[in-house]
Every structure is written in structure tokens, then in C-alpha cells.
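Asks: I need the structure of the sequence given here:
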Amino acid sequence: MATKYSELELAINTLVSEFHGAADDGPTLNASQFQNMIAKQLPGFAKQVETEEGLGQVLDQMGVKAGQSISFENFWALINKQAVQQFASSHKEKNITCGCYLM
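Replies: Just a heads-up that it's a prediction; the model follows:
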């Protein structure tokens, strides 16, 4: 009998699979691989990493130092930020904020 996975489990699997696919099954991404993955998987966010300046700012926010490869943990920091922003924009009550930190 096949195991049924929840939508959340499938979403986590998708994040991990897309990262590994973009990294050619390596443990980290280089800047070019990262930009390509973002363009493909987060097109609404892709404009922020099109320029060297924008890419540098995003990598800095993710905790990536100049010349450093991008780990899944760094990528997760970006996903966390995007999820918190989506939560905030979708929540109708202005006095409730999300202090979530996905681990």
C-alpha cells in the first residue's frame, strides 16, 4: 500500500528536490544556479536577483558571504522570509503579526 503524504510533507519534499536539482545533486548552489532556480521557481521574486546589486543584497539577507556557496540552510532563510511575508499579506487583521521562524 502506497504511503499518502500530506500537502505540507509534499511541499517540503518539493523544496528539497528543487534545491538538489538546481545544485545538480550537489550540497550547495553557486550564484548562477541560485539565480536560475529563482527565475524558474520564484518568478515573482526573480527581479530582485537579476542584478549583481540585488543578488548581493538577497545573499546577504540569507547569510551568504561574498564568494560563498549557498547551502540549503541559506536557501531556507529565504523561504522563511517569503513565507512570513506571505502570511502577513494574507492575514486580514492588522494587529496580528507572525514572528514565525521555520526550522
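Asks: Next, please give the residue ranges for the strands of this protein.
Replies: 28-29, 70-71 (DSSP state E).
Asks: what would these look like in JSON lines with mean neighbour count?
Replies: In this view, the C-beta of every residue, glycine as well, is placed from N, C-alpha and C. Shown next, in JSON lines, are those (neighbours: other C-beta atoms under 10 Å):
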{"stretch": "strand 28-29", "mean neighbour count": "20"}
{"stretch": "strand 70-71", "mean neighbour count": "20"}
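Asks: Any chance of those in JSON lines with mean pLDDT as columns?
Replies: Output for those, formatted as JSON lines (pLDDT from 0 to 100):
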{"stretch": "strand 28-29", "mean pLDDT": "98"}
{"stretch": "strand 70-71", "mean pLDDT": "98"}
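Asks: Switch these over to TSV, and while doing so, append distance to Glu18 to every line.
Replies: Output for the strands of the chain, formatted as TSV (distance: least, C-beta to C-beta, whole Å):
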stretch	distance to Glu18
strand 28-29	11
strand 70-71	13
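Asks: center of the protein - which residue?
Replies: For the chain, the residue nearest the mean C-alpha position is Ile79 (3.4 Å; C-alpha atoms, centre = their mean).
Asks: rewinding a little: figure out which of the strands of the chain is closest to Leu8.
Replies: Ranking these by proximity to Leu8 (C-beta to C-beta) places strand 70-71 first, at 22.4 Å.
Asks: can you pull the pLDDT of the residue nearest to the centre of the chain?
Replies: For Ile79, the pLDDT comes out at 96.
Asks: If we ignore the residues flanking it in sequence, what's nearest it?
Replies: Closest residue to Ile79 apart from its sequence neighbours, by C-beta to C-beta, 6 or more residues apart in numbering: Leu15 at 6.5 Å.
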